[in-house]
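Chemist: Kindly return the folded structure for what I paste below:
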Amino acid sequence: MSTVDPTAPVIPEGHVGIEIDGQPLVVPKNSMIIQAADKAGIAIPRFCYHDKLSVAANCRMCLVEIEKMGKPAPACATPVGDGMKVFTRSEKALKSQRNVMEFLLINHPLDCPICDQGGECELQDVSMGYGRSVSRYVDRKRVVPDEDIGPLVATEMTRCIQCTRCIRFTAEIAGTYELGGMYRGENLQIGTYDGKPLTTELSGNVIDVCPVGALTNKVFQFKARPWELTAKSSLGYHDALGSNLFLHVRRGEVLRIVPRDNEEVNEQWLSDRDRYSHQGLYAGDRAGIPMIREGDDFRPATWDEALSLAAEIMKSNASNLGMLVHPATTNEEGALLSKIASSVGTSNVDHRLSQLDLNDGAVAEVSGVAVADIEKAKAVVIVGSNLRSEVPLLLHRVRQAQRHGAKIYVVNPVDFEFSTPLSGRTITPTSRIAEALQDSKLIDDVKALGNAVVIVGGVAENSAYASNIRAAAASFAASVGGSVVRIPQGANAVGLTRNGIIPTGNGLDARAMLEAKLPAYVVYGLEPGLDFADTFAANTALHDAKVVAFSQYACQSTRAIADVILPIGALPEIDGTLTNLDGMDQHTVAGSKLPNEARAGWKVLRVLGEKLGAEGFTYTDWNSMLDSIAGVESFERQVAKSSTANAVTDGALEVAASQGIYRSDATVRRAAALQDHPLNVPATVVLNPADANGLNDGDIVSVRTDRGHATLPVTVSPRVAQGVAWVETGHGATAPLACATRVSIERKEVAA
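Modeler: This next block holds a predicted model:
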């Protein structure tokens, strides 16, 4: 009669019992030994294995001994079995690991003193534990020629150990398949197939996954050693995802940015826009001292003098004051601005600078499904969005859904590039997107799949047909039993909506404020020449009004309209909270030092509030400031609906405007490496061949609207819907077109 050992662990269904180094474990079936060891905190050396990438098993560093198995086995590629006994520190295992380490170092150059990876290199760490103190190799080491793969990633391929992590990243995560192995045996080299720069918007992640110094940060190259840097927790503020990251700072200067793990938000990845934008913080036109207009120029002023003038302008135009706030402004600054608006008696407050159609009173909303859960969707419908430019890591989640079996559909005015296969695409003018969402076949196909997610992006949200598209997307999602994800137009659009940076009662929205030509405005954290949808109205209204500009940059467009410029810090330089599209409040701490006399916005607003006689502006530190704004978010408000009509001009073509990936905000536009990236294309107007009327690529045309005209080169492409002219925003040359619904195009004769 058999007996049951009462001390034996209970093994749930779908699990097996194994033993690693004498430690009994219960682990899921089909998991690998290395995964079981990691969960138990048992260290196994590795180079090619990465928990977010497929198994390659080509470095062999993770060899372990398994009972009753003659040869050592790779822990990353050996599935667990019930009753298996694994030894990671036995004589056989250690000898195998040391032998592999010796082979890996045979051709590796001894150039650690000049390698940017020195001090944080996996190869250094593992070789200290498993390498020999003296090399037995006496032959000449191989040398691999370097390849220029763009402005962001530096290469030193002689250091490469062919772990293939970078190859698997570009194939599985980025979806661009740009890196691969060429030649065989000892001649194997990793590089691009065509010799061109990396074009993925996630290219900087190959630096993080590289376990040696073969791929490093070109912008950071030779600037500092890891032990000189201090890590500060911060956030990406160039899209609504709010990627978690670390600022690596030396003596108050951000030298590089790396990802901070958060599985609910960005996992362990970072978009290039968030990784390299810190370059823009050190642009030559940073606002560093308060300035007051004197004639056609500005003179330096003291903070007291500048704030006194700002308060005077706001008081004397109180009820007719317009407040225009950049949608990446922190919650704390937003709440303080909302209190100041209430104090002076204006309801003309808005952060929706890029939106043309607010007839439905739309504001940013929390996503209908958590970002992390998009991977579980069975169908994803992308509506009016160049998702790759808008929120790169949201597209990554969509790609992972597709890899898990989901079908991806798009309804767009342009056949934008997506890093994932599509099951269906409808390319139609923006004015007909709402109609396309009523297509019975699309509805039936998506409904049959179940668990659908409908993503509505900036091309739709910022169009003149936005309210119709929003209603159609909601109706479509309801009919297929799905959820809607409306991408907030700004890094903190959800938070600013909660904190009162929206018009209430009879208040005017951003576009209506400009159309009304108010006598005075406060502009906060924006670049007037490029951040408004209606640049024509902005230039006209702001030029003729009194303007108080809180600004990170004393750029030409700010100088053209401001009466007083108050220099404030950008997000990496201040404490603050942003609310992402999941409705998650995320805090960031000040990392780099503020330029010259610039101050954190919440500190400047304290003094301004005092000068205006507003209540609750007596705080002296961060915590007392938080106490002073408690309750602002819960303030009951009715969002004022827009009464601004969407003008439709006579013209041949409808405009489709999408955000340029590296033209999204003032800081990104000043990051030199991003401006040199292949995805950052010059301003152009793209036409369908049927609409070209004899025009060829490179021809110069005049694009005319009722709000101005632009002179642009032409690109002819079948990717654009017939009857549509596609432009990217964020360029000075295309600024007059972002608010247009239709345009006429004429060939511009160029003098010989």
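Chemist: pretty sure residue 43 is in a helix, no?
Modeler: No. Judged by DSSP: H, G, I helix; E, B strand; the rest coil, residue 43 forms no part of a helix; its state is coil.
Chemist: and the gap between residue 44 and residue 79?
Modeler: Using CB to CB, to the nearest Å, we find residue 44 at a distance of 15 Å from residue 79. Where you see a C-beta, it was placed from the backbone N, CA and C, and this is true even at glycine.
Chemist: Which of these two has more residues huddled nearby?
Modeler: Under the neighbour definition other CB atoms under 10 Å, residue 44 and residue 79 were set side by side, and residue 44 has more, 23 against 13.
Chemist: if I read this right, that one contacts residue 34, doesn't it?
Modeler: Yes. Under the criterion of CB atoms under 8 Å, residue 44 lies in contact with residue 34, with a separation of 5.5 Å.
Chemist: Let me see the mean pLDDT of stretch 473-491.
Modeler: Per-residue pLDDT values across stretch 473-491 average out to 96.
Chemist: And the pLDDT for the residue lying closest to residue 261 once chain neighbours are set aside?
Modeler: Nearest non-adjacent residue to residue 261, counting by CB to CB, 6 or more residues apart in numbering: residue 268, 4.9 Å away. The model reports residue 268 with a pLDDT of 96.
Chemist: Repeat that for the one 5 residues further on.
Modeler: The model reports residue 273 with a pLDDT of 97.
Chemist: And for the lowest-mean-pLDDT helix or strand in the chain, what's in contact with it?
Modeler: With mean pLDDT, DSSP states H and E as the measure, the helix or strand of the chain carrying the lowest mean pLDDT is strand 742-747 (a mean of 87). Taking contacts as CB atoms under 8 Å, 6 or more residues apart in numbering, the residues outside strand 742-747 that touch it are 648-655, 685, 687, 695, 699-705, 725, 737.
Chemist: mind redoing it with 10 Å?
Modeler: Under the criterion CB atoms under 10 Å, 6 or more residues apart in numbering, residues 431, 464, 647-655, 685, 687, 691-695, 699-706, 709-710, 712, 714, 723, 725, 727, 736-737 lie in contact with strand 742-747.
Chemist: Contact partners for the residue lying closest to residue 42 once chain neighbours are set aside?
Modeler: By the measure of CB to CB, 6+ apart, the closest residue to residue 42 outside its immediate chain neighbours is residue 20, 5.5 Å from it. The neighbours of residue 20, taking CB under 10 Å, 6+ apart as the test, are 27, 33, 36-37, 40, 42, 44, 64, 75, 80, 84-88.
Chemist: Which pair in the residues you listed has the greatest spatial separation?
Modeler: Of all pairs drawn from these, the greatest distance, 16.4 Å, lies between 27 and 87 (CB to CB).
Chemist: Which residues are in contact with the residue nearest to residue 261?
Modeler: Going by CB under 10 Å, 6+ apart, residue 268 touches 50, 51, 52, 205, 208, 209, 244, 258, 259, 260, 261, 262.
Chemist: out of those, who's nearest residue 332?
Modeler: When the contacts of residue 268 are compared against residue 332 (criterion: CB to CB), the nearest one is residue 244, at 18.9 Å.
Chemist: That closest one bridge partners, please.
Modeler: Under the criterion DSSP bridges, residue 244 forms beta bridges with residue 235.
Chemist: What segments of the stretch 501-650 of the chain are strands?
Modeler: In order along the chain, the stretch 501-650 of the chain carries the following strands (DSSP state E, counting those that start in this stretch): 520-524, 546-551, 564-567, 576-579, 585-588.
Chemist: Kindly apply the preceding question to the stretch 51-200 of the chain instead.
Modeler: With DSSP E, counting those that start in this stretch as the criterion, the stretch 51-200 of the chain has strands spanning 63-66, 73-74, 85-87, 153-155, 179-182, 189-192.
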